[in-house]
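Colleague: sequence and predicted structure are below.
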2 protein chains.
Amino acid sequence: MRVPSVAERVAEELRYQLAEGFLVPGAKLTEATIAEDLGVSRNTVREAFAELAAERLLLRQPNKGVFVATLEAGDIHDVYTVRRAIEVSSIRAGGSPERIAAVRAAVEEGQRAASANDNEGLGSANQHFHGAIVALAESNRLNTIMAQILAEMRLYFHKATMNAHFYSDWLKENEQICSALEAGELERAGDLLLAYLNRSEQQQTAIHGE
Amino acid sequence: MRVPSVAERVAEELRYQLAEGFLVPGAKLTEATIAEDLGVSRNTVREAFAELAAERLLLRQPNKGVFVATLEAGDIHDVYTVRRAIEVSSIRAGGSPERIAAVRAAVEEGQRAASANDNEGLGSANQHFHGAIVALAESNRLNTIMAQILAEMRLYFHKATMNAHFYSDWLKENEQICSALEAGELERAGDLLLAYLNRSEQQQTAIHGE
DNA sequence: ATCGCTGGATTGTTGAACAATCCAGCAGAT
DNA sequence: ATCTGCTGGATTGTTCAACAATCCAGCGAT
C-alpha cells in the first residue's frame, strides 16, 4: 500500500492545478496561502515548491517568491530543440513491437477523439503519441525528460490556444509517421516527425512569441 | 552581490563532495548528521536533498533515507541513450563560430593536459568538449540536461576507473570531430561522434556492468 | 532456523518563532 | 510635479523543538 508523502501529494495537487489552467503563468504562489488552503505546514509546501521548480513548472525568485513559470519567446524554440533531439533520435532507433503498438494505439486514440469531437481528448492523445515515440527508446531518463517537457507545454499552450484547426493537420500526419515506423522505414519516419516539429514550432511562435 | 541561500550552499557543498568522490555511491546520508556537520537545520538539509534528488545524484527512499545514487547496468545504456540523442542532434545542427571555437578550445585543453600528463585535467577537458558540443544548440534546457548527465557520470565513473589508456583514443578522435565541425561537414561530424559514443558505452559496460 | 516482538534510531511533518528582504505608499526636498 | 529616501507591513528564509510514523537490528520463544 503506497502512501505518498504529504509533500508529494501537495506537489501532485499543484501539478494538477497547473495542468488544468487553474494557476495561470506568472501568478504568484504565496507559501502561507497554499499551506493553509491545503491544510499542510509551510515547510511541506516549500518542499513541494522545490520539486516543481526543478521541473521548471515553477520559478523561484529568491526572497521574492515562487511564480508559475512562463515561456518566453526563446523558450518555445528551446522546448522544440529538446523535442527534436529526443523524439527524432528515439524514432530513428526503432523499438520493440509492443512499443510500436503503443504508438499505434495513441494514433487511434486521436482518431476516436476526433470522431467524438472531443477537443480535450485530442490534445492528450497527441501528447500520448509523442510520449509513446520517446518510449521506443526504453530510456527512463528520456521518458522523464519528455514528460517534463510535455508538462511545460501543457502549462503554456493551454486549452484556449488549442482549436480544432490545429488538430486536423497532424491527425493524418501521425498516421503516416506511425505507418512508416511499423514498416521499418525509420529514416522516413524521422524525417516526417522532424518536419512536423519544425512546422509546429513555427505555428506556436506565430501565435505566442514575436 | 549575490548571496546564495543556505540551502543552495548545502546543495553545492554536497555536489562538490559527490564529484570529488568523498561520498561513494550507495552511501547513506543521514539528515541529522549532515545538518550538524554543516551547521544548518535539518529542514534546510531536506531542501538540498530534494534538489539533488531531482538531479538524480541522490536517491530518496521514503521512510528509509537518502542515498548516493548508483548506476546499475541498465543505467549505463540509459545515460548513453540520452547522450546520443542530444549530442548528435546538437552537432548535426551546427552552431555559431563562437560556439565552434569553444569546441576547438576544449580539444586544445585536452591536448595540453595530455602533454602535461595531467590525468585529471584530461577528464575534465573531455567533459568540456562534450558540453561544448551540446552548447552548439544554444538551448538552456539541453545544456542543463547535459550538465546533469555529466554530473551523474562523474559520480560513478570516478577517477579510479579512468586511466590514460582510455584517453589516448579520443584525443585524436575529438580533433577529427572538431575539424569536421569546423569544415561544415556536419553529417560526418555526427557520425564520428555517434561512433565514439557507441564505443564508449561498450567500454564502460565491459568494465562496470555485466 | 524461523517467527514475532520490542525499543531505539531515523524520517516525515508540524507549528512557532525570528531575521532578512522586499515593496507600496508616503513625506519632504528640489 | 517628480524625485528621493524612509518606514511599516507582508513575505520569504531559516531555525528549533516536538511528535507521529516507519524502519530495523537484536532478542527471545517456539
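Modeller: Happy to help now that I have it. Please read these numbers as outputs of a predicted model, since none were measured by experiment.

Colleague: list the contacts of the lowest-mean-pLDDT helix or strand in chain A.
Modeller: Least confident helix or strand of chain A, by mean pLDDT, DSSP states H and E, is helix A:164-182 with a mean of 85. The contact list for helix A:164-182 (Cβ atoms under 8 Å, 6 or more residues apart in numbering or on different chains) reads A:91, A:94-95, A:100, A:103-104, A:106-107, A:110-111, A:114, A:119, A:122-123, A:126, A:129, A:133, A:186, A:188-189, A:192-193, A:196, A:200, A:203. Bear in mind the C-beta positions are built from the backbone N, C-alpha and C, glycine included.

Colleague: now stretch A:98-110
Modeller: Taking Cβ under 8 Å, 6+ apart as the rule, stretch A:98-110 contacts A:94, A:121-122, A:125-126, A:128-129, A:131-133, A:135-136, A:138, A:167, A:171, A:174-175, A:178, A:181-182.

Colleague: so which bits of that stretch are buried?
Modeller: A:99-100, A:102-104, A:106-107, A:109-110 (16 or more other Cβ atoms under 10 Å in any protein chain shown).

Colleague: cool, stretch A:181-193 as well?
Modeller: By neighbour count on 16+ other Cβ under 10 Å, the buried set for stretch A:181-193 is A:181, A:186, A:189-193.

Colleague: for chain B, what are the nearby residues on chain A?
Modeller: Chain A comes close to chain B at residues A:5, A:43, A:46-47, A:50-51, A:54-56, A:62, A:77-79, A:81-82, A:84-86, A:88-90, A:137, A:139-142, A:145, A:149, as judged by Cβ under 8 Å from any Cβ of the partner chain.

Colleague: please enumerate the strands of chain A.
Modeller: For chain A, applying DSSP state E gives strands covering A:28-29, A:58-61, A:65-68.

Colleague: one step back: for PyMOL, write the select line for the buried members of the contacts of stretch A:98-110.
Modeller: In PyMOL, this line selects whichever of the contacts of stretch A:98-110 come out buried by 16+ other Cβ under 10 Å:
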select buried, chain A and resi 122+125+126+128+129+131+132+133+135+136+138+167+171+174+178+181
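
Colleague: restrict the contacts of stretch A:98-110 to contacts with DNA strand C.
Modeller: Among those, no residue is within reach of DNA strand C (Cβ under 7 Å from any atom of the strand).

Colleague: now the angle from the lengthiest helix in chain A to helix A:164-182?
Modeller: The longest helix of chain A (DSSP state H) is helix A:186-207. Orientation note: helix A:186-207 sits at an angle of 160 degrees relative to helix A:164-182 (axes from the mean of the first three to the mean of the last three Cα atoms, to 10 degrees).

Colleague: hang on, residue A:93 packs against residue A:138?
Modeller: No - using Cβ atoms under 8 Å, residue A:93 is not in contact with residue A:138; the gap is 9.4 Å.

Colleague: what's the burial count for the nearest residue to residue A:156 once chain neighbours are set aside?
Modeller: Residue nearest to residue A:156 in three dimensions, not counting chain neighbours: residue A:71, with 4.4 Å by Cβ to Cβ, 6 or more residues apart in numbering or on different chains. Neighbours of residue A:71 under the rule other Cβ atoms under 10 Å in any protein chain shown: 19.

Colleague: residues touching residue A:71, list them.
Modeller: A:25, A:79, A:152, A:155-156, A:208.

Colleague: narrow these to just the buried residues.
Modeller: In those, burial by neighbour count holds for A:79, A:152, A:155-156, counting by 16+ other Cβ under 10 Å.

Colleague: out of the residues you listed, what pair is the most spread apart?
Modeller: A:79 and A:155 (10.8 Å; Cβ to Cβ).

Colleague: wait, what's in contact with the residue most central in space within chain A?
Modeller: Nearest residue to the geometric centre of chain A (Cα atoms, centre = their mean): residue A:150, 1.1 Å. Counting by Cβ under 8 Å, 6+ apart, residue A:150 makes contact with A:127, A:130-131.

Colleague: list the ones among those that fall in helices.
Modeller: The members of the contacts of residue A:150 that map onto helices under DSSP H are A:127, A:130-131.

Colleague: might you list the low-confidence residue ranges for chain A?
Modeller: A:1-2, A:159-168, A:209-210 (pLDDT under 70).
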